[in-house]
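In: Output the structure for:
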Amino acid sequence: MTSTSLPAPRRRAAPPCPEPEPGRVRAALAAARAGELDRASAEALLHARGTDLAALCELAAPVRDAAMERAGRPGVVTYSRKVFVPVTRLCRDRCHYCTFATVPGRLPAAYLEAEEVLAIARSGAAAGCKEALFTLGDAPEDRWAAARRWLDERGFTTTLEYVQHLARRVLDETGLLPHLNPGVMTFEALRSSRAVAPSMGMMLETTATRLWSEPGQVHYGSPDKDPALRLRVLHDAGRARVPFTTGILVGIGETPAERVDSLLAIRDVAAEHDGVQEVIVQNFRAKDDTAMRGADDLGHEEYLAAIAVARLLLGPGVSLQAPPNLSDPGQREQLLAAGVDDWGGVSPLTPDHVNPERPWPQLDDLAATTRGAGFRLAERLTAHPRFVLDALGGGAAWIDPGLHAPLAALADPATGLAVESARPVGAGVAR
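Out: Numbering: from 1, shown residues only. Coordinates of the predicted model:
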């Protein structure tokens, strides 16, 4: 019997969260205009709808523009042309909304073989992609004997060790720049991975501990979703000097107050370490083959309010992303109006394996959407321009010196963005 034939488990409701009293949202707007946005006002602004939401987006817009100015790309919205490499769909966690993770019996093998990964990467390089996004479950060998056996048979101790091996081969043989999303990593793992990846990432998702600790909640039974553990990873990434992408997942049962707490936690990490290159505000979308298949998708206005509040709280020092495939085409200009300045990774070749029901927009369509909002679309590399420019100038604080040459082969030395006509080529291959 498949999971879709079973009754959908009920998600436990979030604690009661009354709507703000009349006038509270407008008082919060006034506080934001005066530069006095505190935690309570930010929470109130998450309830902005209609004309109040329009006013909130008007406040977020100049912060978005300042972010693009600070990044050296005024009026330019960026994206990364990538291939999506699903190294393994096994995971030791049991998140109630995830359709990516599965069980060994539903897979032809526990992991992709190296040659399968290289075939994806070569096709991506031929299509003009410059990023190889490695996505996988957290430490599946700790839960699944099939994963442990597969690694043992090939001489790898951990999944991360295998991912590092794959990243090195992809880099050396195709020239694609790896971006690693292996989940929770130790400080030592982050440091060792710097040699094969100019950037890495892990979603914080939420700081709401109750969603992890209470039976019936979305992260219960998922050891890697402990908010304290994930925050430690964000701090360790900064200490390890890794350009890092993180973000929140909105609509999984968290309250507005918990939403604000999550954004403030990311802001604190960014201020302390300066290594947060991008923050994703991702909207929940229900998947058929999950425990949350009966839950409502996050409402569009609620999503826009979350983006705008994120932009105000985070300020112009980080890029703000909303995945374009998780909103309908007619809604995407509104994401930019709310404060988004980056579309993240978009693939002309491989599907979004985490959201397989939501195809990527065509790049021409995304460029037209971006123009319609008054901006220009430009391609970036997996590491954002300030880190790329540091590397091109000989700096080694953030990106390992061994990666400077592959970066230089693809980057515009004036802007740190991608040279769109450049094609990745592996080491030792004539250019």
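In: Can you tell me the SS state at W212?
Out: Here W212 is recorded as helix under DSSP: H, G, I helix; E, B strand; the rest coil.
In: Pull the contacting residues for the nearest residue to it once chain neighbours are set aside.
Out: Leaving aside its sequence neighbours, W212 sits nearest to H219 (CB to CB, 6 or more residues apart in numbering; 4.0 Å). The C-beta positions use only the backbone N, C-alpha and C, and glycine is treated the same way. For H219, the contact set (CB atoms under 8 Å, 6 or more residues apart in numbering) comprises D93, C95, H96, E205, L211, W212, K225.
In: do you know how far H219 is from D261?
Out: Remark: distance between H219 and D261 (CB to CB, to the nearest Å) = 15 Å.
In: just G275 next, same as before
Out: 21 Å.
In: got TSV for the contacts of H219, with neighbour count and secondary structure too?
Out: Formatted as TSV, those follow (neighbours: other CB atoms under 10 Å; DSSP: H, G, I helix; E, B strand; the rest coil):
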residue	neighbour count	secondary structure
D93	19	coil
C95	26	coil
H96	23	coil
E205	25	strand
L211	26	helix
W212	24	helix
K225	26	helix
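In: Of these, which is the nearest to T174?
Out: Checking the contacts of H219 against T174 by CB to CB gives D93 as the nearest, at 30.2 Å.
In: quick one: the closest one and D226 touch, right?
Out: No - here D93 does not reach D226: they are 10.5 Å apart, not a contact under CB atoms under 8 Å.
In: Give the other helices and strands that the helix or strand that contains V279 contacts.
Out: According to DSSP states H and E, V279 maps onto strand 276-283. Here strand 276-283 touches strand 244-250, helix 256-273, helix 300-314, strand 319-321, strand 342-346, going by 3 or more CB pairs under 8 Å, 6 or more residues apart in numbering; DSSP states H and E.
In: so which of those gets nearest A31?
Out: So among the helices and strands packed on strand 276-283, helix 300-314 is nearest, using CB to CB, at 10.4 Å.
In: quick one: that closest one to strand 244-250, angle?
Out: 140 degrees (axes from the mean of the first three to the mean of the last three CA atoms, to 10 degrees).
In: With just CA atoms, put helix 300-314 into PDB.
Out: Provided in PDB are the C-alpha atoms of helix 300-314 (Å, rounded to 0.1, in the frame of the first residue of the first chain):
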ATOM      1  CA  HIS A 300       0.200  34.700  -1.400                       C
ATOM      2  CA  GLU A 301      -0.300  37.900   0.500                       C
ATOM      3  CA  GLU A 302       1.000  36.300   3.700                       C
ATOM      4  CA  TYR A 303       4.100  35.300   1.700                       C
ATOM      5  CA  LEU A 304       4.600  38.800   0.400                       C
ATOM      6  CA  ALA A 305       4.400  40.200   3.900                       C
ATOM      7  CA  ALA A 306       7.000  37.700   5.100                       C
ATOM      8  CA  ILE A 307       9.300  38.700   2.300                       C
ATOM      9  CA  ALA A 308       8.900  42.400   2.900                       C
ATOM     10  CA  VAL A 309       9.500  42.000   6.700                       C
ATOM     11  CA  ALA A 310      12.500  39.800   6.000                       C
ATOM     12  CA  ARG A 311      13.900  42.500   3.700                       C
ATOM     13  CA  LEU A 312      13.400  45.200   6.400                       C
ATOM     14  CA  LEU A 313      14.900  43.100   9.200                       C
ATOM     15  CA  LEU A 314      17.900  41.800   7.300                       C
END
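In: Find the nearest non-adjacent residue to A101, please.
Out: Counting by CB to CB, 6+ apart, A101 lies nearest to C91, which is 4.0 Å off, once chain neighbours are set aside.
In: burial measure for the one you found, as a count.
Out: Neighbourhood size, C91 [other CB atoms under 10 Å]: 25.
In: same question, the one 10 residues further on
Out: For A101, the count of nearby residues is 20 (other CB under 10 Å).
In: tell me the SS of it?
Out: Three-state call for A101 (three-state DSSP): coil.
In: which ones are touching it?
Out: Counted by CB under 8 Å, 6+ apart, A101 has contacts R89, L90, C91, D93, R94, C95, G137.
In: Among the residues you listed, name the ones in helices.
Out: Among the contacts of A101, no member falls in helices (DSSP state H).
In: re the thing from before, please look at the residue nearest to A101 and P140 and confirm they touch.
Out: Yes - at 5.5 Å, C91 counts as touching P140 under the criterion of CB under 8 Å.
In: in which helix or strand would I find the residue nearest to W212?
Out: Going by DSSP H and E, H219 is not part of any helix or strand.
In: how much distance is there from the strand holding V279 to the middle of the chain?
Out: Per CA atoms, centre = their mean, to the nearest Å, the displacement of strand 276-283 from the mean C-alpha position of its chain is 6 Å.
In: contacting residues around V309?
Out: A42, L45, L46, L56, R259, V260, L263.
In: ok, of the residues you listed, which one's closest to M185?
Out: Closest approach between these and M185, by CB to CB: L263, at 22.4 Å.
In: How many residues are close by the closest residue to that closest one other than its chain neighbours?
Out: Leaving aside its chain neighbours, L263 sits nearest to L313 (4.9 Å; criterion: CB to CB, 6+ apart). Neighbour count for L313, taken as other CB under 10 Å: 19.
In: ok, longest helix in this structure?
Out: Counting residues, the longest helix found in the chain (DSSP H) is helix 50-70.
In: pLDDT (mean, whole number) over that helix?
Out: Throughout helix 50-70, pLDDT has a mean value of 97.
In: can you confirm T78 is in a strand?
Out: Yes - using three-state DSSP, the assignment for T78 is a strand.
In: Name whatever forms a beta bridge with it.
Out: Beta-bridge partners recorded for T78 (DSSP bridges): D342, A378.
In: Can you give me the distance of it to F375?
Out: Taking CB to CB, one finds T78 at 10 Å from F375.
In: neighbours of G137, just the number please.
Out: 25.
In: Excluding chain neighbours, what is closest to it?
Out: Distances taken as CB to CB, 6+ apart place C91 nearest to G137, at 2.4 Å, with adjacent residues excluded.
In: what's the distance between the one you found and T102?
Out: Distance of C91 to T102, given as CB to CB: 9 Å.
In: got it, and D52?
Out: Per CB to CB, D52 is found 42 Å from T102.
In: swap in R230?
Out: To T102, R230 is 22 Å away according to CB to CB.
In: ok, those two, which is more surrounded?
Out: For R230 versus T102, neighbours defined as other CB under 10 Å are more numerous around R230 (21 against 16).
In: and the closest residue to that one other than its chain neighbours, what does it touch?
Out: Spatial nearest neighbour of R230, chain neighbours left out: L204 (5.3 Å); criterion: CB to CB, 6+ apart. L204 makes contact with P227, R230, L231, L234, T246, G247, I248, S262, A265, I266, according to CB under 8 Å, 6+ apart.
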